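> predicted model, plus sequence, below.
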Amino acid sequence: MNWNYYGNEAAVAMLRSHIAQGAVRQAYLFSGPSGIGRRTLALRFAQAMNCLNPPQAGGFCGKCRSCQLIGTMRHPDLAVVAAEQRGGVLRVEQIRELQHQLSLAPYEANYRIALILRSEEANLNAQNALLKTLEEPPPKVILFLTAADSESLLPTIVSRCEVLRLRPMAVNSLIQLICEIEEIERPLAAQVARLAAGRPGIALRLLQNPEERRKYLKIIEEHLTLLASSYLERFALAERLAKDSSKAELIFQLEHWLALWRDVLLVSYRAQEHLTYCEFSEQIAQIAEQVDNEDSRQVLKHLRRTLEILQSNVNLRLAFEVLFLNLPYVRFPPSRTQIPLERA
Ligand SMILES: [Zn+2]
């Protein structure tokens, strides 16, 4: 009865009750880290709102025309707006185009639904335009916004939305859940739950996709190599990254490097059992031995700062050069930056 949605039960219960009581609000903001299931939950909500054969109040069948089209984001009354790519800019023209669509009556559903993904990527003009729609919404229109956190949006936008803060599951509960819904060994469930940092959708995807799991571990392997590299090699890598990687890929890498450095601090606080990357526990211990806590915290700060400035129109190569200059040098015993990619 949980919309086939894992975790964040309170949020699902609240949305179900809004439908069951006929008290659906004008706008909802689904906030939380990327991959947590913000868009999925918004779409489930839209399905429940428009299902042609709801099995119970606040539920949806998943099979009718409306459920199918919304689930695949092809429903004529569902408008989806987002920056062209992750880390890009959502422009005011896109919001204007959306406003035009919303001014028309729904084709077949009860409501027109606008889904604005990663709304923190909307520039100030776009946010102001969006605010106008929130202040004077056309009839039969419901807005769904997703965002990493509500702080990156105009407070006047946030205050007009029902805010749902989605959180990752505790890793142990997620391991339990994965073992229940998939028949797999606990070590593998534990690996994907940790790599996904408690985000169920990502964990299930990683489970089905060993290639993607390897990609996660490869990113860490490369970072370890980087820490053991000279400045010359680091600059060469900065140039290569800026040239060959998309912004989305760079953001993805930085997020994993952040997780690795959090692991370094965990080891220094003797909290090894919570490591995200226990495949690399030896190397992480090496780093913790050679880099003191204050410097590790500085690295986390530089990584976060680089993530932030990636959102703006920066010189990528320069941003990575600065970051790499600020990473400590770590010496690993020979061949210790390589690890077996599959756990037994
Ligand atoms: Zn349905």
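On my side now, so go ahead. Computed from a prediction, not measured in an experiment: that's the story for all the values here.
> so the residue nearest to residue 96 when sequence neighbours are not counted is in which element?
Excluding the flanking residues, the one nearest residue 96 by CB to CB, 6 or more residues apart in numbering is residue 129, at 6.4 Å. Any C-beta I mention is one placed from the backbone N, CA and C, and that applies to glycine too. For residue 129, the host element (DSSP states H and E) is helix 124-135.
> and for the next helix-or-strand element following that helix, what are the contacting residues?
Once the chain leaves helix 124-135, the next helix or strand it forms, by DSSP H and E, is strand 141-147. The contact list for strand 141-147 (CB atoms under 8 Å, 6 or more residues apart in numbering) reads 24-31, 38-39, 42, 45-46, 49, 102, 111-120, 133-134, 137, 153, 157, 161.
> strands of this structure, start to end?
Taking DSSP state E as the test, the strands found in the chain are 27-31, 78-81, 112-116, 141-147, 162-165.
> possible to save the ones you listed as TSV with distance to the ion, mean pLDDT and mean neighbour count?
Supplementary listing: the strands of the chain in TSV, determined by distance: least, CB to the ion, whole Å; pLDDT from 0 to 100; neighbours: other CB atoms under 10 Å:
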stretch	distance to the ion	mean pLDDT	mean neighbour count
strand 27-31	20	97	24
strand 78-81	14	96	20
strand 112-116	15	96	24
strand 141-147	17	97	24
strand 162-165	22	97	16
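> would you format these as CSV with distance to residue 275 included?
Formatted as CSV, those follow (distance: least, CB to CB, whole Å):
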stretch, distance to residue 275
strand 27-31, 27
strand 78-81, 37
strand 112-116, 36
strand 141-147, 29
strand 162-165, 26
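> right, and these - which one's nearest residue 212?
Closest of those to residue 212 is strand 141-147, at 22.0 Å (criterion: CB to CB).
> orientation of the closest one relative to helix 124-135 in degrees?
Between strand 141-147 and helix 124-135, the angle comes out at 140 degrees (axes from the mean of the first three to the mean of the last three CA atoms, to 10 degrees).
> what lines up beside strand 141-147 in the sheet?
Paired with strand 141-147 in the same sheet, following DSSP bridges, are strand 27-31 (parallel), strand 112-116 (parallel).
> hmm, who's touching the last one?
Spelled out, that is strand 112-116. With contacts defined as CB under 8 Å, 6+ apart, strand 112-116 is touched by 39, 42-43, 46, 49, 73, 75, 77-82, 90, 98, 101-102, 104-106, 122, 130, 133, 138, 140-146.
> ok, now the first one?
The set of residues external to strand 27-31 that reach it, using CB under 8 Å, 6+ apart, is 15, 38-39, 41-42, 45, 119, 134, 137, 142-150, 153, 157-158, 160-166.
> average pLDDT for the helix holding residue 129?
For helix 124-135, the mean per-residue pLDDT is 96.
> name the helices or strands packed onto it?
Applying 3 or more CB pairs under 8 Å, 6 or more residues apart in numbering; DSSP states H and E, one finds that helix 124-135 contacts helix 92-102, strand 141-147, helix 155-158.
> which helices and strands does the longest one pack with?
In terms of contact count using 3+ CB pairs under 8 Å, 6+ apart, helix 92-102 is assigned the packing partners strand 78-81, strand 112-116, helix 124-135.
> buried residues in it?
Buried residues in helix 92-102, counted by 16 or more other CB atoms under 10 Å: 92, 94-95, 98-99, 102.
> ok, now the last one?
Of the residues in helix 155-158, those buried under the neighbour-count criterion (16+ other CB under 10 Å) are 157-158.
> chain center to that helix, what's the gap?
Put simply, helix 155-158 sits 21 Å off its chain's centre (CA atoms, centre = their mean, to the nearest Å).
> need the residues that contact it.
Taking contacts as CB under 8 Å, 6+ apart, the residues outside helix 155-158 that touch it are 29, 119, 127, 130-131, 134, 145, 150.
> ok, so of those, who is nearest the ion?
Ranked by distance to the ion (CB to the ion), the contacts of helix 155-158 are led by residue 145 at 24.0 Å.
> low-confidence ranges, this protein, go.
Across the chain, residues meeting the criterion (pLDDT under 70) sit at 1, 335-344.
> and it, what are its domains?
Here the domain parsing of the chain from automatic domain parsing is 9-165, 170-208, 211-344.
> I figured residue 286 hits residue 328, correct?
No: contact between residue 286 and residue 328 fails when scored by CB atoms under 8 Å: they sit 11.7 Å apart.
> higher neighbour count, the two?
Each of residue 286 and residue 328 has its neighbours counted (other CB atoms under 10 Å); residue 286 has more, 22 against 13.
> how close does the more buried one sit to the ion?
According to CB to the ion, to the nearest Å, residue 286 stands 54 Å off from the ion.
> so how many other residues sit close to the closest residue to that residue other than its chain neighbours?
Leaving aside its sequence neighbours, residue 286 sits nearest to residue 332 (CB to CB, 6+ apart; 5.6 Å). Neighbourhood size, residue 332 [other CB under 10 Å]: 17.
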